[in-house]
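S.K.: whatever this is, show me its structure:
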Amino acid sequence: MLNGMYTDRERCVRAVQSKDARFDGWFFTAVLTTGIYCRPSCPVVAPKPENMVFHASAAACQQAGFRACKRCRPDTSPGSPEWNRRADLVARAMRLIADGVVDREGVPGLAGRLGYSTRQVERQLLAELGAGPLALARAQRAQTARLLVESTELPMADVAFAAGFASVRTFNDTVREVFALSPTELRARVPKRDDATTAALRAVPPRAPTSRTLPPGTTATPAGPAPVTLHLRLPFRAPLHPDNLFGHLAATAVPGVEEWRDGAYRRTLRLPYGHGIVGLAPRPDHIACRLTLSDLRDLTVAISRCRRLLDLDADPVAVDDRLRTDPLLAPLVDKAPGRRVPRTVDEAEFAVRAVLGQQVSTAAARTHAARLVAAHGDAVDDPDGGLTHLFPTSEALAALDPESLAMPRTRRTTFTTLVSQLADSSLHLGVESDWAQARAHLLALPGFGPWTVDVIAMRALGDPDAFLPTDLGVRRAAQELGLPSTPAALTAHAAAWRPWRAYAVQYLWATDSHPINFLPA
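M.R.: Numbering: from 1, shown residues only. Reported below is the predicted structural model:
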């Protein structure tokens, strides 16, 4: 599917008339006669084509004066897969906005991270999405506010500041404008909960006020950090095959930071305002998410990182259609369509773990990481499980004694070089990273070969075309399928799978009885 589908009117009309959920998040339908906007799969009777106007984002719909449909709730659509498929300025900006950068650092901070002027960032976002960074961040705040209003019993003032609004008045005005309902009316529409659920939602610890930088003239201060637990549903585009996704995360889980418990993958999260613990469990039509946060202002960021971890905004139909063109790969796709690439919630953390995993087994890599976590990670309390720490920061790892690392000297050099460059920002790995530049920088570091760089590109940077032709599991699976098994020949054959070679790796790994293999750098 091509970027800018919303400009292809005939295609959009067909998608709306067929109520095709695959296009949810790709574009939004604004209805001139009702003043509302919907997702393509909205269950109501489709409007007449002449009454439809199409926009690339919910923010553009809101800027044009349309309000969100109360039936299909377009603000809860999966995100556009474009932002995880591309590495251009707009895609990188959208990933940063989803990570809450505009709310924390403003538009100048967004532009600074991208290395462009504020004017250029605004111009390109407006040209492609019909809305600038402030409008896009505002739409995201409205979505977060609705989530908190409907899933908690928090006071509305707490909801306002947790969602990123500078004042309760702005919060009230935005919710009314976007949803045509006041926050109180939104909460009243939620189906009546049983007494136990209501008691749990109200069992929120007292919140002491903390200071926060607010616009001039604003005197209100938000409530401070306090553990709050939310139960959320994370939508995705079907199909989704969870086996390799959750299996890989469970198999490589670092004790103290990650665990598999009661059918859910659980892990700790280091977030801008505090920390969190999340439990993620697959369901037929959503991912069940149990999220505990020390500061509710981290909600939007935590959701964004969990979606990224599970690759929930992918377009599995487009991926699988391309991979099915290879007759040797097609049977794997047909057997279990919808495989996702397991990614990460912290790019620097994954880079460190990739180095720890060079030339050793999965068990050995987990042991190395667990020792670092116990010695240098920040302790957290997890009354519901066995999580004990946040993964150590790059600064903490850069300060450790290299002689304390139980690894060969050459890999010790690789490790210390990586963490020191991450700590002093010589190397930055984040959602805004330019994939080509990051690859080149990593390859220039001692001990970084193609396998390490490509696994970081695939799992941390999110490059959907990253490929691992030297991986033992990939080569073994390729040989069993009749594909070329030498790295050069396999790379040449895999050119037909582009731009989705990272997903092909998941299908190949799934055929191997030992899919998690760590090879030379």
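S.K.: remind me which residues of the stretch 151-300 of the chain are low pLDDT?
M.R.: Counting by pLDDT under 70, the stretch 151-300 of the chain contains low-confidence residues at 192-226.
S.K.: would you map the strands across it?
M.R.: Taking DSSP state E, counting those that start in this stretch, the strands of the stretch 151-300 of the chain run over residues 228-234, 258-261, 264-270, 275-282, 287-293.
S.K.: same list, these, but as TSV with mean neighbour count and distance to residue 96 please.
M.R.: From N, CA and C alone the C-beta is placed, and that goes for glycine too. Formatted as TSV, those follow (neighbours: other CB atoms under 10 Å; distance: least, CB to CB, whole Å):
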stretch	mean neighbour count	distance to residue 96
strand 228-234	18	20
strand 258-261	18	25
strand 264-270	23	17
strand 275-282	22	20
strand 287-293	20	20
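S.K.: distance to residue 405 for those - can I get that in TSV?
M.R.: Output for the strands of the stretch 151-300 of the chain, formatted as TSV (distance: least, CB to CB, whole Å):
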stretch	distance to residue 405
strand 228-234	37
strand 258-261	21
strand 264-270	22
strand 275-282	26
strand 287-293	32
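S.K.: between these, which gets nearest to residue 366?
M.R.: Between residue 366 and the strands of the stretch 151-300 of the chain, the tightest spacing by CB to CB is seen for strand 258-261, at 9.3 Å.
S.K.: the closest one: partners in the sheet, and parallel or antiparallel?
M.R.: strand 264-270 (antiparallel) (DSSP bridges).
S.K.: just the C-alphas of the strand it pairs with, formatted as PDB.
M.R.: Extracted C-alpha coordinates of strand 264-270, given in PDB (Å, rounded to 0.1, in the frame of the first residue of the first chain):
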ATOM      1  CA  ALA A 264       1.400 -12.900  30.200                       C
ATOM      2  CA  TYR A 265       4.800 -11.400  29.300                       C
ATOM      3  CA  ARG A 266       5.700  -9.000  32.100                       C
ATOM      4  CA  ARG A 267       8.500  -6.500  32.300                       C
ATOM      5  CA  THR A 268       9.700  -3.200  34.000                       C
ATOM      6  CA  LEU A 269       9.700   0.000  32.100                       C
ATOM      7  CA  ARG A 270      12.000   3.000  32.500                       C
END
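S.K.: what about it, distance to the chain center?
M.R.: Centroid separation between strand 264-270 and its chain, computed with CA atoms, centre = their mean, to the nearest Å, is 14 Å.
S.K.: and the angle from that strand to strand 287-293?
M.R.: Counting by axes from the mean of the first three to the mean of the last three CA atoms, to 10 degrees, strand 264-270 points 40 degrees away from the direction of strand 287-293.
S.K.: which other residues reach strand 264-270?
M.R.: Here strand 264-270 makes contact (CB atoms under 8 Å, 6 or more residues apart in numbering) with 246, 249-250, 253, 257-260, 275-281, 288, 290, 298, 302, 305, 345-346, 378, 380, 382, 385, 387, 389-391, 393.
S.K.: my guess is residue 376 contacts residue 394. True?
M.R.: No - contact criterion CB atoms under 8 Å: residue 376 and residue 394 do not qualify, at 10.6 Å.
S.K.: more neighbours: which of these two?
M.R.: Higher neighbour count among residue 376 and residue 394: residue 394, with 21 against 16, using other CB atoms under 10 Å.
S.K.: what confidence value was assigned to the more buried one?
M.R.: Looking at residue 394, its pLDDT is 96.
S.K.: need the contact list for it.
M.R.: So residue 394 contacts 348, 352, 419, 422, 423 (CB under 8 Å, 6+ apart).
S.K.: the same query, at a cut-off of 6 Å, please.
M.R.: Shown in contact with residue 394 (CB atoms under 6 Å, 6 or more residues apart in numbering): 348, 419, 422, 423.
S.K.: quick check: phi and psi on it?
M.R.: Backbone torsions of residue 394, given as degrees, to the nearest 10, read phi -60, psi -40.
S.K.: could you check how far the residue lying closest to it once chain neighbours are set aside is from residue 371?
M.R.: Distances taken as CB to CB, 6 or more residues apart in numbering put residue 422 closest to residue 394, at 3.8 Å, once the chain neighbours are dropped. Residue 422 is 19 Å from residue 371, where distance means CB to CB, to the nearest Å.
S.K.: the two: who's more crowded?
M.R.: More neighbours surround residue 422 than the other of residue 422 and residue 371, with 22 against 16 (other CB under 10 Å).
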